[in-house]
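[1] Dropping a prediction and its sequence here:
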Amino acid sequence: MPAKTGSEKACEWCGKVSYVPGWRLNKYKFCSFACLHAGRPKRQREGVEVECACCGKMYYVPQYRRNTTKTCSYKCHAQLNQEKLIVGRLKFWKENPRPKIPEEERIKRKRIRSKRLYERQKDQRSIKAKENYAANNLSIRLAIKEDRKLNPEKYSNQSRKARAKNPERARARRRQDYRNHKVRYVAAARKREAEKLQRTPPWADLKKIEEFYALAARLTKETGIKHHVDHIYPLRGKTVSGLHVHTNLQVIPALDNLKKSNRIPEGVFND
């Protein structure tokens, strides 16, 4: 059996004497991990206190860091080197400019980002809008009413887009409105019939007029798309009113007729 080369040595923290092998004699200081952790604060107190170059606070550093440290925290370091960082970033982007994106692609990306943001905040926005409307109901309705008078085309376009996006919902609303105000709809229909009668001159060819209505019924049956008999110059136009004669009639799809409303043909008054 080989001879022991170690010797007994005392722990620097608790003073306990224990045998230490020869290969550990030069590095041995503590007898256990408990003494090692307990003895660390004693060793750390051998460091120095340095003043922070940013906030002026005194903080502790080990001896080996006394000549290299400047700040007490990452926050102070960032604040102290903010100008340096900004200059460095500007220099980097100057040397490595971002590739220019075409205008169409930029607009497309912006729309995608806006859509994603709206989807994330959809519920919150809805709740906030309802609360705002409940709190300012009267003022909002008055503002919309005034804006509708100033920009009627804007609101008609919005309604048209909403009907095209969700036609079933628009039909259901119209049916419900008809049930709630049936008398008003009947009165409007009777008024239109009276106006049509007033605008039918004695010399009108009633047989040719009937042919247009027969054609609309036949096209509706053959194509499955509802067709209307439209007055080219509307009977109730704002500036010009047409007559109920065969020369002022045309057969068009019902959707086009509803979009046309009481508008006169384009370019009529252009010289």
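    Arrived safely, thanks for sending.

[2] Counting neighbours, what do you get for Asn137?
    The local packing count at Asn137 equals 10, with neighbours defined by other Cβ atoms under 10 Å. In this view, the C-beta of every residue, glycine as well, is placed from N, C-alpha and C.

[3] Likewise for Arg171?
    Arg171, neighbours per other Cβ under 10 Å, totals 11.

[4] following the helix or strand that contains it, which helix or strand comes up?
    Under DSSP states H and E, the secondary-structure element containing Arg171 is helix 167-180. Sequence-wise, the next helix or strand beyond helix 167-180 is helix 182-198, with elements assigned using DSSP H and E.

[5] what mean pLDDT does that following helix have?
    Averaging pLDDT along helix 182-198 yields 86.

[6] Ok, stretch 221-230 next?
    Stretch 221-230 comes out at a mean pLDDT of 90.

[7] ditto for stretch 205-213
    The predicted model gives stretch 205-213 an average pLDDT of 89.

[8] And that stretch, what's buried?
    Applying a neighbour-count criterion of 16 or more other Cβ atoms under 10 Å, one finds Ile209 buried in stretch 205-213.

[9] Pull out the CA atoms of it and give them to me as CSV.
    Listed next in CSV are the C-alpha coordinates belonging to stretch 205-213 (Å, rounded to 0.1, in the frame of the first residue of the first chain):
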residue,chain,number,x,y,z
ASP,A,205,-98.1,52.6,-77.3
LEU,A,206,-99.3,50.3,-74.5
LYS,A,207,-98.7,47.1,-76.5
LYS,A,208,-95.0,47.9,-76.9
ILE,A,209,-94.8,48.7,-73.3
GLU,A,210,-96.3,45.3,-72.4
GLU,A,211,-93.7,43.6,-74.6
PHE,A,212,-90.9,45.0,-72.3
TYR,A,213,-92.6,43.5,-69.3
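
[10] so how far is it off the chain centroid?
    Relative to the mean C-alpha coordinate of its chain, stretch 205-213 is positioned 54 Å out (Cα atoms, centre = their mean, to the nearest Å).

[11] what comes into contact with it?
    229, 244-246, 249-251 (Cβ atoms under 8 Å, 6 or more residues apart in numbering).

[12] Show me what the helix holding Arg171 is packed up against.
    Helix 167-180 is packed against no helix or strand, with contacts defined by 3 or more Cβ pairs under 8 Å, 6 or more residues apart in numbering; DSSP states H and E.

[13] Which pLDDT value belongs to Arg106?
    If you check Arg106, the pLDDT there is 91.

[14] Pretty sure it sits in a strand.
    No - the assignment for Arg106, made by DSSP: H, G, I helix; E, B strand; the rest coil, is helix rather than a strand.

[15] ok, how many other residues are close to it?
    A count of nearby residues for Arg106, using other Cβ under 10 Å, gives 11.

[16] i'd like the first residue to be 38 from this point on
    New numbering, starting at 38: the last item is Arg143.
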